[in-house]
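Q: Turn this into a model:
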Amino acid sequence: MAIQRNQSRKGRGACWVLAVPMFLMIPATVLHRLHWLHWEAASTHFLNISSDISCSSSIKSPCPLSTTCPACLPCNASTQSSPEIQALRVEDAASALSMDLGLNHDTDTPLVMLTFGNKAVWPMLSNWVANVQKLGLSSNMLVGALDEQLVKVCEKEGIPVEALDGLKAGMTNGAYLTKSQEDLKKYKLMASLKIGFALDLLKRQKQNVLISDSDTVWLRDPRAFTEEGPFMAADVLVSTDCIDTTADEICNAHFCGCAHVAFNTGIVFLRNTPATLRFVEAWKKKVLENDDLTIRDQAAFNIVLREGFEPKTVVPGFESYPRQTLMAWRGQIKLGILPLLFFQNGHTYFSQKLHERRNIVPYVVHATYQYGDGAVFPFGKRQRMREAGLWLMDGPEYSSGNFLAVSWAGATRPEFRVPLDTDSRIIVKHHFEEDKFRRKTVRNALAIAALLNRTLIMPRILCYVDQMWKEMRAGRFAGAYGMALPFDCPMDYLFELPRFFEEAGRTKTRLDFREPGFLNRLPKHLASSRRYIHVVPRDKFLNPFDNKFLPEITRNGQQIPTTQVHEGMMANEVVSMLDRFKDVRVLELSKAVSAFCGWEDNTMNQNFDDLVREPMRKKWEFKYMETGQEGIPNYKYWVPYDQFEWMNGFEDMKDLVDSPNW
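A: As a prediction, the model looks like this:
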């Protein structure tokens, strides 16, 4: 029985698109070079990378009272293919090579891109849909709906949907699951429903199934990838939680760098073969037969697949490839581990910036390794996508109103580039100093934005240490020792992100803001209406002639008007100096760390303090290895907002070298 599809939208047919390439029966050396073309094509997607910009701002208060090369692509490889390789046409390939290798599948089998959810996750799921549609794959996608509300939303939007019996898992309409004991039971039952639905798709229709969580973002069409090189031999392809990008580049009979790390079923490809059907049956059975509530889809997948798993046993025929397909599940399944370079998790993409270092566009990004989700919404995942420009669901209202920004140079202290052999304790001190500077900057900018009825564009955020629950050396974690420090880090590293979206304080308001990258992606109607505000020392005479005799400021090749103001302004002074620019959409401060000293009325100070205290708190635990005390939390750090004072800023942090923990 074919999948029933909604056909109410114009131009949307009821058939799945069949667009999977075939392969030639050609010598292995030529096929290998053909495979390289894929990596070459990926390497030509160059991204704009911001250069490091340092600043010379002082934190002293002005207030009156106080590597290696990408897999399969050599470093010196030309991005231009040779004429003989360009002449090879993949679509003219014969299927004899597949028969020679004993492959048991049809390369014409269509692909279903499948995700799951209920109405509670619709905002995240709708972003998944928008990105898949952007790739022209609308006819390949399918949503498995766990409640009736999501079915209705998808039908209204013309999104292919099938209803799962979510009531069997205890799912109610629009319910957002938490980590309570009761909801853990629902997660387990929901996992069996999802696996069972994928199995049903494999059985009732000759289709391959690509399952991905709704917090993934697809940036490239994955269909050809599943039919290339060693992966064309795989029954199952799966992503990994590995963060060691160097080790991941090689997986063969001699070495498979990330085979020991947990496989992540947030991205898993199931080829329609008899072996796959047997495996998925066993996968579902493992979820249901185990009483442990933590044994859900991902844990069960790893348990079953690793039965008799020997990473050194590979599928023959692809010996010249750096990545090969492995035998798993007692030799019954051909397994391919998807490469981190193209199937990136939250750490490799948002923290290590692997795509920028290699100048490629990955196939997909999975928002794992983040710390900002709330009890009722995945704020951290959405924020990371916004910061990276991957969130497509913000409408015109997101760029409406007026904004306040801090210049890229004035948002941070002068950068200290951290060598790989630097002691973690030294790096953490730099991190703390940057943290002091940042929190004064953000606090002052939020206050000035509130006074001017503007929305703050968050300043650039630098981190000198990585954030994870593992042991740390040189400010980095095992598997990511080559990571560049400092780096532009996600907002959830440093702030209690969900608190920004909650009503707080005596005024019961919430802090509105935009991500740092918003300043670099301004829509035309905002980019054409900007003014630069030079914040100068109080003893400096202000130039009464705006934009005359002041340094020229250009943004995107366009000179913008400039104005001077004194640092250490009180609230009335902020209004008198800057509120006259109401018709200017974006005001950009040269710096904010020393720009503001508070309200004249102490009650107003207290009200604002109540509003920002909790969002700006953050617990950060460091487990450094330099003293040989691996696994011991050597320093727990809470941002000391309780010691906050308007005139003095944050209290100085205790000198770490005097702490008994160091």
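Q: Is A130 within a helix or a strand, and which one?
A: Assigned by DSSP states H and E, A130 belongs to helix 122-134.
Q: residues making contact with that helix?
A: Helix 122-134 is contacted by residues 113, 115, 117, 138, 140-141, 143, 150, 153, 157, 159, 212, 214-219, 377-378, 381-382, 385, 390-393 when judged by CB atoms under 8 Å, 6 or more residues apart in numbering. C-beta here means a position set from N, CA and C on the backbone, and glycine is covered the same way.
Q: Any of these buried? List them.
A: In terms of neighbour count (16 or more other CB atoms under 10 Å), the buried residues within these are 113, 115, 117, 138, 140-141, 143, 150, 153, 159, 212, 214-219, 377-378, 381-382, 385, 390-391.
Q: So which of the residues you listed belong to strands?
A: Of the positions in these, 113, 115, 117, 141, 143, 212, 216-218 sit in strands, assigned by DSSP state E.
Q: Let me know the closest of those to V268.
A: Of all those, V268 sits closest to S212, with 8.0 Å by CB to CB.
Q: List the contacts of the closest one.
A: By CB under 8 Å, 6+ apart, the residues touching S212 are 113-115, 128, 218, 266-268, 364, 366.
Q: helices or strands up against the helix or strand containing Q606?
A: Assignment of secondary structure by DSSP H and E places Q606 within helix 602-612. With contacts defined as 3 or more CB pairs under 8 Å, 6 or more residues apart in numbering; DSSP states H and E, the packing partners of helix 602-612 are helix 424-451.
Q: tell me what the helix it packs on is packed against?
A: Other elements packing on helix 424-451 under the criterion 3+ CB pairs under 8 Å, 6+ apart are strand 403-406, strand 455-457, strand 462-463, helix 571-578, strand 596-598, helix 602-612.
Q: Could you check the angle it makes with helix 602-612?
A: Between helix 424-451 and helix 602-612, the angle formed by their directions is 120 degrees, by axes from the mean of the first three to the mean of the last three CA atoms, to 10 degrees.
Q: So which bits of helix 424-451 are buried?
A: Applying a neighbour-count criterion of 16+ other CB under 10 Å, the buried positions in helix 424-451 are 424-432, 434-451.
Q: returning to what we had before: lowest-confidence one in the ones in strands among the buried ones among the contacts of helix 122-134?
A: Within these, G117 has the lowest pLDDT, namely 90.
Q: Count the neighbours of the residue lying closest to that residue once chain neighbours are set aside for me.
A: For G117, ignoring the flanking residues on the chain, the nearest one in space by CB to CB, 6 or more residues apart in numbering is L125 at 4.5 Å. Residue crowding around L125 was assessed by other CB atoms under 10 Å; the count is 24.
Q: hmm, back to that, with the ones in strands among the buried ones among the contacts of helix 122-134 in mind, which one is nearest to F403?
A: F403 has its nearest neighbour among these in V217, at 25.3 Å by CB to CB.
Q: Tell me how far the closest one lies from A198.
A: Taking CB to CB, to the nearest Å as the measure, V217 falls 21 Å from A198.
Q: repeat for V143
A: When CB to CB is the yardstick, V143 and A198 sit 13 Å from each other.
Q: do T422 as well
A: Here T422 is placed at a distance of 47 Å from A198 (CB to CB).
Q: neighbour-wise, which of these two wins?
A: Neighbours were counted for T422 and for A198 using other CB under 10 Å; A198 has more, 24 against 19.
Q: I'd like to check which residues are in contact with that one.
A: Contacts here follow CB under 8 Å, 6+ apart; on that basis A198 touches 114, 209, 211, 270, 280.
Q: Compare those and tell me which is most surrounded.
A: Taking other CB under 10 Å to define a neighbour, the member of the contacts of A198 with the most is L270, carrying 26 neighbours.
Q: ok now do it, which residues does it touch?
A: L270 neighbours (CB under 8 Å, 6+ apart): 198, 202, 208-211, 235-236, 276, 280.
Q: Among the residues you listed, which lie within helices?
A: Members of these lying in helices (criterion: DSSP state H): 198, 202, 276, 280.
Q: State the pLDDT value of the third one.
A: In this prediction, T276 carries a pLDDT score of 97.
Q: before we move on, what about the second one?
A: At L202, the predicted lDDT confidence score is 94.
Q: any idea how far the closest residue in space to N402 that isn't next to it in sequence is from V536?
A: Sequence neighbours aside, R454 is the residue nearest to N402 in space, at 4.7 Å (criterion: CB to CB, 6+ apart). Remark: distance between R454 and V536 (CB to CB) = 21 Å.
Q: what about these two, which has more around it?
A: When neighbours are counted by other CB under 10 Å, R454 comes out ahead of the other of R454 and V536, with 24 against 16.
Q: what's the spacing between W408 and R514?
A: As defined by CB to CB, W408 lies at a distance of 15 Å from R514.
Q: Same question for V365.
A: V365 sits at a distance of 21 Å from R514 (criterion: CB to CB).
Q: same thing with I303?
A: In this structure, I303 and R514 are separated by 43 Å, where distance is defined by CB to CB.
Q: and if you look at P339?
A: Counting by CB to CB, the gap between P339 and R514 amounts to 33 Å.
Q: Please say which of those two ends up with more neighbours.
A: With neighbours defined as other CB under 10 Å, P339 and R514 compare such that P339 has more, 25 against 21.
Q: The more buried one touches E249, doesn't it?
A: Yes - checked against CB atoms under 8 Å, the pair P339 and E249 is within contact range at 7.3 Å.
Q: Let's have the contacts of A198 in JSON lines, adding pLDDT and distance to V565.
A: Shown next, in JSON lines, are these (pLDDT from 0 to 100; distance: CB to CB, whole Å):
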{"residue": "L114", "pLDDT": "96", "distance to V565": "55"}
{"residue": "V209", "pLDDT": "97", "distance to V565": "59"}
{"residue": "I211", "pLDDT": "97", "distance to V565": "55"}
{"residue": "L270", "pLDDT": "97", "distance to V565": "61"}
{"residue": "V280", "pLDDT": "96", "distance to V565": "64"}
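Q: and of the residues you listed, the nearest to C597?
A: Distance to C597 across the contacts of A198 (CB to CB) is lowest for I211, with 54.5 Å.
Q: List the contacts of that closest one.
A: Each residue near I211 by CB under 8 Å, 6+ apart is listed here: 114-115, 194, 198, 265, 267-270.
Q: Mind pulling the model confidence for R296?
A: On the pLDDT scale, R296 is placed at 79.
Q: And the one 10 residues further on, by the same measure?
A: Model confidence at R306, given as pLDDT, is 94.
Q: The spatially closest residue to it that is not a sequence neighbour: neighbour count?
A: The shortest distance from R306 to any residue that is not its chain neighbour, by CB to CB, 6+ apart, is 7.0 Å, and that residue is A328. In terms of burial, A328 registers 28 neighbours under the definition other CB under 10 Å.
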